[in-house]
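In: Sequence below, structure please.
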Amino acid sequence: MLDAVREMKINPAKNLFQFEDQGEIALKITCGFWITMNPGYAGRTELPENLKALFRSCAMVVPDIVLICENMLMSEGFDKARDLSKKFMCLYNLAKSLLSEQVHYDWGLRAVKSVLRQAGKLKRADVNISEEELLMRALRDFNWPKIKVEDRQIFMGLIRDLFPGIDAKQLVDEDLRVICGEVAKQKNLQPEKEFVLKCIQLADILEVRHSCFLIGVPGTAKSAVWKNLCDSLTQRHWYTVWDTVDPKAVTSDELYGCMNTKTKEWKDGVLSVIMRDMNKSQGKYKTTHKYKWVILDGDVDPEWIESLNTVMDDNKVLTLVSQERIPLTPEMRLLLEVSNLRNATPATVSRGGVLFINESDIGWRPYVDTWLSRFKVKGDEHATNTFTLALTHYLNEGFLNDMRNKETAAPVCEMQAITTLTTIVDFLYDDLHAQKETIEYLKRLKEDGAAQYEDAIKIIYEGFFCFALIWAFGGPFVDAKISFNGILRAMASRVKFPDGFLVYDYYFDAMKGTWALWSEKVKPFNPNFEGLFANLVVPTAETTRQKFLIDVHRKTRKGLLYVGFAGTGKTTIIKDYFAAVDKEITVCSSMNMSAYTDSKAL
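Out: Numbers count the residues shown, from 1 in each chain. Coordinates of the predicted model:
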């Protein structure tokens, strides 16, 4: 830029300047440059002062959104545009001041334009409905997916006050709703009303916005929602393909691509390859595909998401350092699956639609219903009935509220605890019906009489459930283990714990139908150990139960986060456990993780 200005001053008639290695480029008076920027966010840098001085600065003021809203409503065919625009902005101004402060709430111009486009679409679909009802429906249905549970009552109160006496029925694509339910059943999921509704809401957002944030804490069925919708659209013959990337698993250069500063050689990134293939219908992407989705499943970080600003706004173009521009075709969509937008800038939030899934929207009940159906398929009515009653008795609202208020060693969501519970129960159940000793014991019980067998098997199953409850909910606690011990002892009336120790010190012995101490399962110390002294581990009740839990998760192929202070024996226990496993079945590899560990090291 500075070279071009200098050339113009030296030789105005030439109108040419040397641009790096690209040769001479002509300067035309009709060609201009505009820089739009909003500095001050993380991931952005200021313009150099010598370059900033060559451009005329122009400060932008907050636009008159009411006037913009009125013009857009008129262009969409609304006759009462002036009055409706005032109601529109009155709702957004009140929502901004009365609703809770949430990062994903956006009441700015981009959000206004999206709702107005939706209102115009509704008006063209049915011209006989009153304009107040149309706008109310657009404002309610388009904003509802992003409203948190605690704000819903206030938001609906504002809607009713601004549009008194109007009760607009929610428009739902009935065909898509039926297909979503059928696809959920085919995938062994529960076609719950809220789950299907979230699928439909996501489809509605993707009709209006080409990029969407799918927000919710882990375990709220975010992935299940978009996968179910994808399969439902495909079953509707709107063939949909997707590719998923974790943007935090690679560096920014590996995500978008980078230029070698010495050789000027360009190396493509993960995202640039995917978007280019989608744009040109290469590889697995075909021209017959109705939708092509890019799923970014990972935490939002300004370091990588700021480069997607031109993709997420109306430009719909990915601009690479190699000067290549990859436009989004009408079939392409960008889905960002995140737990929160805590580190996102307002500029990023405003560029995409939002589907927020509250913990209570779908919850853990559908997961448990699917889990219980496993026992129904096996024809084990005793397991189905016992576990159903145990879920009702132990996992009541009072117990869960108490668990939420206790400090844990690492963040634990409710769904995570439920998943751990079912994992441990599944392991114990399968082990009970796989071991020769226990199979013969159950066979003898059946021979003694149906009533005696029924009582014994129900106690065994409830004992398994209580044992799983100890480690699923009580395992992560730091200072609340004693209080948890008291709570569980009071609840376990049928399988009472012996006095004298904490519940953590017991395991359930299926053969005896009672609790037994872990110390009874400790293997004797081998005084003739001939290995290195560093590899010598003296078995204790603590190491025995820790190894058992590691064994449960290894055999069920579930991940395990092993947390503890330095010097508590985490590495020793894990190495000692994997040293004893069958090397033909399980291979163990160890690596140190730090802030400098990159994708190449992994």
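In: Now for G157: which residues touch it?
Out: With C-beta atoms under 8 Å, 6 or more residues apart in numbering as the criterion, no residue contacts G157. Every residue, glycine included, has its C-beta placed from N, CA and C.
In: And for the one 5 residues further on?
Out: Residues near L162 by C-beta under 8 Å, 6+ apart: 87, 90-91, 136.
In: now do F464
Out: 424-425, 428-429, 432, 508, 510.
In: Show the pLDDT at A42.
Out: We note a pLDDT of 61 for A42 in this prediction.
In: Dump the contacts of F464 to CSV, plus pLDDT.
Out: Conversion of the contacts of F464 to CSV gives the following (pLDDT from 0 to 100):
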residue, pLDDT
I424, 95
V425, 94
L428, 93
Y429, 93
L432, 90
F508, 93
A510, 89
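In: List the contacts of stretch 90-99.
Out: Residues from elsewhere that reach stretch 90-99, judged by C-beta under 8 Å, 6+ apart: 105, 107, 111-112, 139, 143, 147, 151, 154-155, 158-159, 162.
In: Give me the average confidence score over that stretch.
Out: Model confidence over stretch 90-99, given as mean pLDDT, is 92.
In: Tell me the buried residues in that stretch?
Out: Taking 16 or more other C-beta atoms under 10 Å as the basis for neighbour counts, the residues of stretch 90-99 that come out buried are 91-92, 94-95, 99.
In: for the helix or strand hosting F399, which positions count as buried?
Out: Assignment of secondary structure by DSSP states H and E places F399 within helix 397-404. Along helix 397-404, the positions that meet the burial threshold by neighbour count (16+ other C-beta under 10 Å) are 399, 403.
In: angle of the next helix or strand after it against helix 397-404?
Out: Past helix 397-404, further along toward the C-terminus, the next helix or strand under DSSP H and E is helix 414-432. When axes from the mean of the first three to the mean of the last three C-alpha atoms, to 10 degrees is applied, the directions of helix 414-432 and helix 397-404 differ by 110 degrees.
In: by contact count, what packs against helix 414-432?
Out: Contacts defined by 3 or more C-beta pairs under 8 Å, 6 or more residues apart in numbering; DSSP states H and E place helix 414-432 against helix 365-378, helix 397-404, helix 436-448, helix 450-473, helix 541-555.
In: Let's see that with 6 Å instead.
Out: Under the contact criterion of 3 or more C-beta pairs under 6 Å, 6 or more residues apart in numbering; DSSP states H and E, the helices and strands touching helix 414-432 comprise helix 450-473.
In: mind exporting the helix it packs on as PDB, just the C-alpha atoms?
Out: Presented in PDB, the C-alpha positions along helix 450-473 are these (Å, rounded to 0.1, in the frame of the first residue of the first chain):
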ATOM      1  CA  ALA A 450     -39.700 -69.000  42.600                       C
ATOM      2  CA  ALA A 451     -40.500 -66.700  45.600                       C
ATOM      3  CA  GLN A 452     -37.100 -67.200  47.100                       C
ATOM      4  CA  TYR A 453     -35.300 -66.600  43.800                       C
ATOM      5  CA  GLU A 454     -37.300 -63.500  43.200                       C
ATOM      6  CA  ASP A 455     -36.500 -62.000  46.600                       C
ATOM      7  CA  ALA A 456     -32.800 -62.900  46.300                       C
ATOM      8  CA  ILE A 457     -32.400 -61.500  42.700                       C
ATOM      9  CA  LYS A 458     -34.100 -58.300  43.500                       C
ATOM     10  CA  ILE A 459     -31.800 -57.700  46.500                       C
ATOM     11  CA  ILE A 460     -28.800 -58.400  44.300                       C
ATOM     12  CA  TYR A 461     -30.000 -56.000  41.600                       C
ATOM     13  CA  GLU A 462     -30.700 -53.200  44.200                       C
ATOM     14  CA  GLY A 463     -27.300 -53.900  45.700                       C
ATOM     15  CA  PHE A 464     -25.700 -53.400  42.300                       C
ATOM     16  CA  PHE A 465     -27.600 -50.200  41.900                       C
ATOM     17  CA  CYS A 466     -26.500 -48.800  45.300                       C
ATOM     18  CA  PHE A 467     -22.900 -49.800  44.600                       C
ATOM     19  CA  ALA A 468     -23.000 -48.000  41.300                       C
ATOM     20  CA  LEU A 469     -24.600 -45.000  43.000                       C
ATOM     21  CA  ILE A 470     -21.700 -44.700  45.400                       C
ATOM     22  CA  TRP A 471     -19.100 -44.200  42.700                       C
ATOM     23  CA  ALA A 472     -21.300 -42.500  40.100                       C
ATOM     24  CA  PHE A 473     -22.300 -39.600  42.400                       C
END
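In: Enumerate the positions of the next helix or strand after that helix that are buried.
Out: Under the assignment DSSP H and E, the closest C-terminal helix or strand after helix 450-473 is helix 481-491. Residues of helix 481-491 classed as buried under the neighbour-count rule (16+ other C-beta under 10 Å) are 484-485, 487-488.
In: for the helix or strand that helix 481-491 is followed by, which positions count as buried?
Out: Using DSSP H and E, the helix or strand that follows helix 481-491 towards the C-terminus is strand 506-509. Of the residues in strand 506-509, those with enough neighbours to count as buried (16+ other C-beta under 10 Å) are 506-508.
In: likewise stretch 139-151?
Out: For stretch 139-151, a neighbour-count test (16+ other C-beta under 10 Å) marks 139-147, 151 as buried.
In: Narrow the residues you listed to those in helices?
Out: With helices taken from DSSP state H, the overlap with the buried residues of stretch 139-151 comprises 139-143, 151.
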